[in-house]
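Trainee: Let's see this in three dimensions:
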Amino acid sequence: MSRADAMAAQLREVFDPEPVEACLSVETEERFWVSEEVPSRRSVIEKRPPRRGGFAIVNPRRRRVYLLAVDNCFLERIAGYDGRRCDGVLFDERFFCFVELKLEVSKRATRKLREAREQLGDVIEFFREAFEERGVGFLGLELEAYVVMRQNVYPRHRASRDKVFVEFMERYGVRLFEASEKECA
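Mentor: Model prediction:
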């Protein structure tokens, strides 16, 4: 069994299998996108570039890449969760990525980026605690977090921006990226 398939199985064991099954999808295309479905605002996989933008996934080896739609699907089906929500979790053989889509941001990008980091942090802590309660981990997958915005609204590189990435790593133990594309293993 691949690590990606093992993680999908572990999610079904750690959480009630029904919300996982209802919110988990898999793709093997060489290139696809994660975007928000309208009007549900649930994260979905699209095989063509979405008009509203999205997170492009490059998968040259056509390996299985899973998407767990977290907001407006999975966490709504989990009793007792009351934290902020990122949009989804994407994982393959190598990576376990927390993803927050901020696709309609044109102003106040700095505030939206801060909000996105908080959403990612809450979900990272939720998964970490749930796994620890069951005595399991992330199966050796590299943890990453992505804030996805339209490229033209990303803040320019500054030393203060570097500090944000370091602080996120120190707090959550997860590398943070602001990008609109990811290459899978």
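Trainee: which residues in the protein form helices?
Mentor: Per DSSP state H, the chain carries helices over the ranges 3-14, 17-23, 109-133, 159-172.
Trainee: Of these, give the one that comes closest to Gly53.
Mentor: Across the helices of the chain, the minimum distance to Gly53, taken as C-beta to C-beta, is reached by helix 109-133, at 13.9 Å. Where you see a C-beta, it was placed from the backbone N, CA and C, and this is true even at glycine.
Trainee: For the closest one, enumerate the helices and strands it packs against.
Mentor: helix 3-14, strand 95-102, strand 142-149, helix 159-172, strand 175-178 (3 or more C-beta pairs under 8 Å, 6 or more residues apart in numbering; DSSP states H and E).
Trainee: among these, which is nearest Ser35?
Mentor: Nearest of the helices and strands packed on helix 109-133 (C-beta to C-beta): strand 95-102, 7.0 Å.
Trainee: okay, the angle between the closest one and helix 159-172?
Mentor: Strand 95-102 and helix 159-172 are oriented at 130 degrees to each other (axes from the mean of the first three to the mean of the last three C-alpha atoms, to 10 degrees).
Trainee: Now find how far off-centre the helix or strand of the chain with the lowest mean pLDDT is within its chain.
Mentor: Within the chain, judged by mean pLDDT, DSSP states H and E, the helix or strand with the poorest mean is helix 159-172; its value is a mean of 88. Centroid separation for helix 159-172 versus its chain: 18 Å, with C-alpha atoms, centre = their mean, to the nearest Å.
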